[in-house]
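>>> Show me the folded form of this:
(one chain, ligands or ions: 1)
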Amino acid sequence: MTKFLIISGSPRPGNTEFILKKIFAAIKSEKELILLRELNINRCKGCLSCDKSKKCVQQDDMQAIYPKARAADVLIIGTPNYFNNVSGLLKDFIDRTVPFFYEGEASALRGKKVFFIVVGGGEVENSQPVVEILQDFAQIHGIKTIGSHCFKAQNANDIAESPEISEEIKKIIKEIKS
Ligand SMILES: Cc1cc2nc3c(=O)[nH]c(=O)nc-3n(C[C@H](O)[C@H](O)[C@H](O)COP(=O)(O)O)c2cc1C
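Predicted structure coming up:
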């Protein structure tokens with residue numbers, strides 16, 4: 001059975017989280033939703049001791065995510081567009097995946113799949129740079145990007161229950177399964 005790990009990089013319970021919770025509910029397989037805003041994930045210190053040990057020296061909530069990322073088949077990562085980049089919360093998470101990078105060819109992330117969700121206050125085309133940043137992250141880890149979807153929403157509750165959103169979620173689920 002395919003294992004899905006869904007990660008929200010928004011610091012607020014807003015649009016990204018709403019969409020990811022809808023995706024979570026629609027997936028009928030093994031799944032877990034991680035809200036980074038609820039966790040204590042320190043910034044990477046850049047010590048690079050993981051180059052040798054393949055482990056991070058920082059004992060925080062990231063330690064519980066490493067085995068979950070190893071076990072997952074498909075990652076679904078969502079972030080708000082912050083200055084045409086990912087949120088700081090998600091960037092800290094991304095930087096803390098560097099121990100996997102030092103596993104090299106044997107990296108546990110290699111061959112996994114990822115789907116990205118980006119929410120920005122501007123037009124959806126404006127969030128494309130964020131998708132590209134995320135695709136680069138995936139590519140560096142040898143993770144295959146299977147798709148992405150950008151939404152336009154500014155205030156926390158702009159994306160809410162609606163037939164249009166249900167349709168978008170259905171399309172995303174189809175893409176993730178294909
Ligand atoms: C610090 C900050 C920077 C932002 N930068 C952009 C931006 O460059 N482009 C954009 O379209 N929206 C930008 N926004 C708007 C957010 O992407 C928007 O509010 C989005 O709905 C946030 O998603 P969330 O509800 O999941 O947190 C920014 C918001 C904040 C707080």
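>>> How about the residues of this protein by the ligand?
10, 12, 14-17, 80-84, 119-122, 126, 153-154, 156 (C-beta under 6 Å from any ligand atom). (C-beta placed from N, C-alpha, C; glycine too.)
>>> Among those residues, name the buried ones.
10, 14-17, 80-82, 119-120, 153 (16 or more other C-beta atoms under 10 Å).
>>> For the residue most central in space within the chain, give me its contacts.
Nearest residue to the geometric centre of the chain (C-alpha atoms, centre = their mean): I77, 1.9 Å. Shown in contact with I77 (C-beta atoms under 8 Å, 6 or more residues apart in numbering): 6-7, 9, 90, 114-117, 134.
>>> how about those residues in CSV, adding pLDDT?
Below are those laid out as CSV (pLDDT from 0 to 100):
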residue, pLDDT
I6, 98
I7, 99
G9, 98
L90, 98
V114, 98
F115, 98
F116, 98
I117, 98
L134, 98
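>>> Where does pLDDT dip in the protein?
Within the chain, no range satisfies pLDDT under 70.
>>> Let me see the ranges of the helices in it.
15-26, 50-53, 62-71, 88-95, 98-101, 128-141, 163-177 (DSSP state H).
>>> Show me which positions of the third one end up buried.
In terms of neighbour count (16+ other C-beta under 10 Å), helix 62-71 has its buried residues at 62, 65-66, 69.
>>> helices or strands up against it?
Contacts defined by 3 or more C-beta pairs under 8 Å, 6 or more residues apart in numbering; DSSP states H and E place helix 62-71 against strand 3-8, strand 30-35.
>>> All good on my end, thank you.
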